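Asks: I'd like to go over a predicted model; first the sequence, then the structure.
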Amino acid sequence: MQAERELIELSRNGDTEAFSRLVVRYEDRIYRLARTVCTGLPSEADDVYQDTFLTAFKKLKAFRGDAGLGTWLFRIASNLCLMRRRKKGSEPFVPLLDRPHDHEDGPAHQFRDWSPTPEEAADKKELALKVSGALAKLPMDYRLVLTLRDVEGLSAGETAKILKLSVPAVKSRLHRGRLFLRDEFERAFAVKERKR
Amino acid sequence: MKLESLSCRRRLALLLDYLDRELPSPQRKLLVRHRAACLSCASLLKTLESTVRIFKAHKRSAKPPASARRALRASLAASLRSR
């Protein structure tokens, strides 16, 4: 496999063939991020995917290589997602701080157990709808952190660099986001339980 | 330190750090013991693990559609021509 640094150098000089090889290495991950974070029409994810690589191709001369190319591409894609959200001007309002289990005083919240039944787990389409529905209720900053950490498996430090946040801010969003999804899933699976 | 005496928020923070394997060994051991004895915390941890697993599996197979790939290649070629 051709070294990434060599491909970057060739791409900087306008070699689209070399750049296409870089695209092949990263496009699935970039598209997955866009598809998970942009919860609107699928065309939004297509646009973010394309614009990420076009922007990277245009700005490759400015890429210093301090972080890996993947980190840089994730940063471009994340910024494009956030820019689209700003243009839209709407964002779900989630009272994340006002959850029953997130308070300083008072008795500890009792958490219930749940898990998808084998049938629910096998129904991938229905499961995907539940996950997409829950994700769409979260603000984009949270979706970005959750995706970079839990889907892409990046560290808190890498995620912080990509999103230009502090590590504690990443952890806070991650924890709140996971708890939010957990509660949404509990509700989704509990509803099915009642129907049985 | 006794987990039972912690506020809900503080206990949650510890549980979430435990999930990410970011707790120092003594606290981790304490959590493992607590998990075995506390139904609510055990349920929270188990369901958080399920949440992460479900979320991870959600977009694993997402691939850019052929039309988007073609459009990107065409835009890259056009971008080069306009240089």
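Replies: Thanks, I have it.

Asks: residues of the lowest-mean-pLDDT helix or strand in chain A that come out buried?
Replies: None of the helices or strands of chain A scores lower by mean pLDDT, DSSP states H and E than helix A:118-122, at a mean of 80. For helix A:118-122, a neighbour-count test (16 or more other C-beta atoms under 10 Å in any protein chain shown) marks A:Glu120 as buried. Every residue, glycine included, has its C-beta placed from N, CA and C.

Asks: which residue, other than its chain neighbours, is closest to the residue nearest the centre of chain A?
Replies: Centroid-nearest residue in chain A, with C-alpha atoms, centre = their mean: A:Thr147, separated by 2.9 Å. Spatial nearest neighbour of A:Thr147, excluding adjacent residues (C-beta to C-beta, 6 or more residues apart in numbering or on different chains): A:Thr36 at 4.7 Å.

Asks: can you find the helix or strand in chain B with the smallest mean pLDDT?
Replies: None of the helices or strands of chain B scores lower by mean pLDDT, DSSP H and E than helix B:8-19, at a mean of 79.

Asks: and the helix or strand where B:His34 lies, what does it pack onto?
Replies: Assigned by DSSP states H and E, B:His34 belongs to helix B:25-37. Judged by 3 or more C-beta pairs under 8 Å, 6 or more residues apart in numbering or on different chains; DSSP states H and E, helix B:25-37 is in contact with helix B:8-19, helix B:39-58.

Asks: what angle do it and helix B:39-58 make?
Replies: Relative orientation of helix B:25-37 with respect to helix B:39-58: 100 degrees, computed using axes from the mean of the first three to the mean of the last three C-alpha atoms, to 10 degrees.

Asks: dump helix B:25-37 to CSV, keeping only the CA atoms.
Replies: Coordinates of each C-alpha in helix B:25-37 appear next as CSV, following Å, rounded to 0.1, in the frame of the first residue of the first chain:
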residue,chain,number,x,y,z
SER,B,25,-8.0,0.6,39.9
PRO,B,26,-9.2,1.2,43.5
GLN,B,27,-12.3,3.0,42.4
ARG,B,28,-12.9,0.4,39.7
LYS,B,29,-12.8,-2.4,42.2
LEU,B,30,-15.3,-0.6,44.4
LEU,B,31,-17.6,-0.2,41.4
VAL,B,32,-17.3,-3.9,40.5
ARG,B,33,-18.3,-4.7,44.1
HIS,B,34,-21.1,-2.2,44.1
ARG,B,35,-22.4,-3.4,40.7
ALA,B,36,-22.8,-6.9,42.2
ALA,B,37,-24.9,-5.6,45.1
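
Asks: burial measure for B:Cys38, as a count.
Replies: B:Cys38: 19 surrounding residues under other C-beta atoms under 10 Å in any protein chain shown.

Asks: name the nearest residue to the residue positioned nearest the centre of chain B, ignoring sequence neighbours.
Replies: With distances taken as C-alpha atoms, centre = their mean, B:Val52 lies nearest the centre of chain B, 4.9 Å away. Spatially, and ignoring its direct neighbours in sequence, B:Val52 is nearest to A:Asp150 (5.3 Å; C-beta to C-beta, 6+ apart).

Asks: which ones are touching that neighbour?
Replies: Going by C-beta atoms under 8 Å, 6 or more residues apart in numbering or on different chains, A:Asp150 touches A:174, A:178, B:52, B:55-56.

Asks: A:Ala136 is in contact with the residue nearest to A:Thr147, correct?
Replies: No: look at A:Thr36 against A:Ala136 with C-beta atoms under 8 Å: they stay out of range, at 10.7 Å.

Asks: report the rounded mean pLDDT for stretch A:12-21.
Replies: The average pLDDT for stretch A:12-21 rounds to 90.

Asks: what residues of that stretch count as buried?
Replies: A:16, A:18-21.

Asks: hang on, A:Pro42 packs against A:Arg35?
Replies: Yes: in this structure, A:Pro42 is within contact of A:Arg35 by C-beta under 8 Å, at 7.3 Å.
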